[in-house]
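Chemist: coordinates only, sequence not included:
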């Protein structure tokens, strides 16, 4: 789906949601009294602490039963959230902005991670710079962090999307297409980067998100209605993330093993992948969600998304963030 059509689809879905919001299913208590929360996620290691919260019994201790539904692409996550089929969603920061632009009443309640080298453009030996992509076939997922990273890299090299041959596909498939020789380069994220590099020794990283720290980040979004109806549930969920990060930091090998298993990879093979992700714990969220993240990182993301044509208008960043659940 192209960027313009993606915005239109989100807008249409938002209208549907707003019109039928009163009948949208919400979190309900299970038979044992725990609160059921339906969460949309993807096999991205940045969302891994949720798996630790499940495995370590943190959710259960908080009185939560979190039903994590894993989707293959961003579009599926967005559709599930906007349609009300899930209560909360793990999305990229620019995606939250895109939803707000489309009229979806949501809030960012938690910073989850920032990618440094875990989002990248990979290509075979012989490609020495982004400028070498001119005229070449590049696989990437439109409207996503891959789109954002590619546009930034191209702009930094003095070329544009018009100078390459765009090959739209899910980030999960981009590396496979590159290995199979169907494209000349691929934009993807972990664990798909390490999988591709392990499969083909001729491949290497041409450009990664660490060139502009803060460009690629992920957040937890919740609808305004769900926050109003279930504030205690959101508080328990956000607190569970913090406890899961405490567990991860206390025993990193065990935490990485849980996350690697959840995304279907070997922990040892993902060692460098984990090193390319910065998780945000409870203290960092308390200090930054309503502070430097809102005032410095988010404007950077907004500008990059607007330059890439992913965002076609302005968004009210202060209205998009709700820091009450991460307050000290």
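Modeler: Right, received. Where do you want to start? As the structure is a computational prediction, the values presented were derived from the model and not from experiment. Numbers count the residues shown, from 1 in each chain.

Chemist: Output the below-cut-off pLDDT ranges for this structure.
Modeler: For the chain, applying pLDDT under 70 flags the ranges 1-32, 328.

Chemist: top strand in it by residue count?
Modeler: strand 106-115 (DSSP state E).

Chemist: Packing partners of that one?
Modeler: Counting contacts by 3 or more CB pairs under 8 Å, 6 or more residues apart in numbering; DSSP states H and E, strand 106-115 is packed against helix 93-101, strand 217-223, helix 224-229, helix 231-250, strand 277-279, helix 282-288, helix 317-320. Yep, even glycine has a C-beta here, placed from its N, CA and C like the rest.

Chemist: among the ones you listed, which is nearest residue 64?
Modeler: Evaluated with CB to CB, those place helix 231-250 nearest to residue 64, the distance being 5.5 Å.

Chemist: Packing partners of that closest one?
Modeler: Other elements packing on helix 231-250 under the criterion 3+ CB pairs under 8 Å, 6+ apart are strand 35-41, helix 49-55, helix 58-61, strand 64-70, strand 106-115, strand 217-223, helix 252-262, helix 282-288.

Chemist: tell me the angle of the next helix or strand after the fourth one relative to strand 64-70?
Modeler: Going back to what we said before, that points to strand 64-70. Sequence-wise, the next helix or strand downstream of strand 64-70 (DSSP states H and E) is helix 74-82. Between the axis of helix 74-82 and that of strand 64-70 there is an angle of 140 degrees, by axes from the mean of the first three to the mean of the last three CA atoms, to 10 degrees.

Chemist: Buried residues, helix 74-82. List them.
Modeler: 74-75, 77-82 (16 or more other CB atoms under 10 Å).

Chemist: Now do it and strand 217-223, the angle between them.
Modeler: Interaxial angle of helix 74-82 relative to strand 217-223 (the same axes, to 10 degrees): 30 degrees.

Chemist: so helix 74-82 versus helix 93-101, what angle?
Modeler: Taking the same axes, to 10 degrees, one finds that helix 74-82 is oriented at 50 degrees with respect to helix 93-101.

Chemist: Which secondary structure elements does helix 74-82 sit against?
Modeler: Checking 3+ CB pairs under 8 Å, 6+ apart, helix 74-82 ends up next to helix 3-19, strand 35-41, strand 88-92, helix 93-101.

Chemist: how about the nearest residue to residue 176, chain neighbours excluded?
Modeler: Counting by CB to CB, 6 or more residues apart in numbering, residue 196 is the residue found nearest to residue 176 once chain neighbours are left out, at 7.6 Å.
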